[in-house]
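1. predicted coordinates and the sequence they were generated for:
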Amino acid sequence: MSKIFDQPFKKIKPLTFYEILRLRIDVFVVEQNCPYPELDGFDVDSGTRHIWLADEESPVSYLRVLRKSKGVDKIGRVATSLHNRNKGMAKSLIEHVINTTSGELVLDAQAYLENWYEEMGFITNGKAFEEGCGDDTNSGILHVPMVYKREID
């Protein structure tokens, strides 16, 4: 497995961040046909971590971690390029976050991935909801809120 990069926005090279945005747009906007405001302002926040795996040219699997409040971090924008799926890359990134982040971890999983997140220790903790796609012509994508259940020693 490639090296996992884990950096705040201010340490990411501009071309690398450009490629991260391209990956996210390719997956969420183009592939899932869901035009939404990808540039939401959270990427540049000092508490946001950008975590990715790269091939020799650019990021191929990515997620970000937002600081929601003291002791609570939110995983989001989990994306892997089409040609790199089913290789365990996203799982490696999630496991990296679990192992390097204290406190509670939450996320809003696309509903079809609920079982995949459960296999890593997340549990559903609310009702399913539709995340909008930005206009009236596209319906949203069904999501479920989840929280990571840490083992108690």
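-> Sure, I can see it.

2. how about the helices in the chain?
-> Counting by DSSP state H, the chain has these helices, from start to end: 14-24, 89-100, 114-119.

3. restricting to C-alpha, output the shortest one in PDB.
-> Which is helix 114-119. Taking C-alpha atoms only, helix 114-119 is exported to PDB below (Å, rounded to 0.1, in the frame of the first residue of the first chain):
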ATOM      1  CA  GLU A 114     -23.800   1.500   5.500                       C
ATOM      2  CA  ASN A 115     -22.700  -2.200   5.900                       C
ATOM      3  CA  TRP A 116     -19.200  -1.400   4.700                       C
ATOM      4  CA  TYR A 117     -18.800   1.200   7.500                       C
ATOM      5  CA  GLU A 118     -20.400  -1.200  10.000                       C
ATOM      6  CA  GLU A 119     -17.600  -3.700   9.200                       C
END
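
4. one step back: looking at the helices of the chain, which is closest to F42?
-> Proximity of the helices of the chain to F42 was assessed by Cβ to Cβ; the nearest stretch is helix 14-24, lying at 12.1 Å. Every C-beta, even on glycine, is put in place using the N, C-alpha and C of the backbone.

5. circling back: now render the helices of the chain as CSV, adding mean neighbour count.
-> Below are those laid out as CSV (neighbours: other Cβ atoms under 10 Å):
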stretch, mean neighbour count
helix 14-24, 16
helix 89-100, 17
helix 114-119, 14
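
6. which of these sits closest to G47?
-> Nearest of the helices of the chain to G47, taken as Cβ to Cβ: helix 89-100 at 14.0 Å.

7. other SSEs contacting that closest one?
-> When contacts are defined as 3 or more Cβ pairs under 8 Å, 6 or more residues apart in numbering; DSSP states H and E, helix 89-100 sits against strand 4-7, strand 49-54, strand 59-69, strand 72-80.
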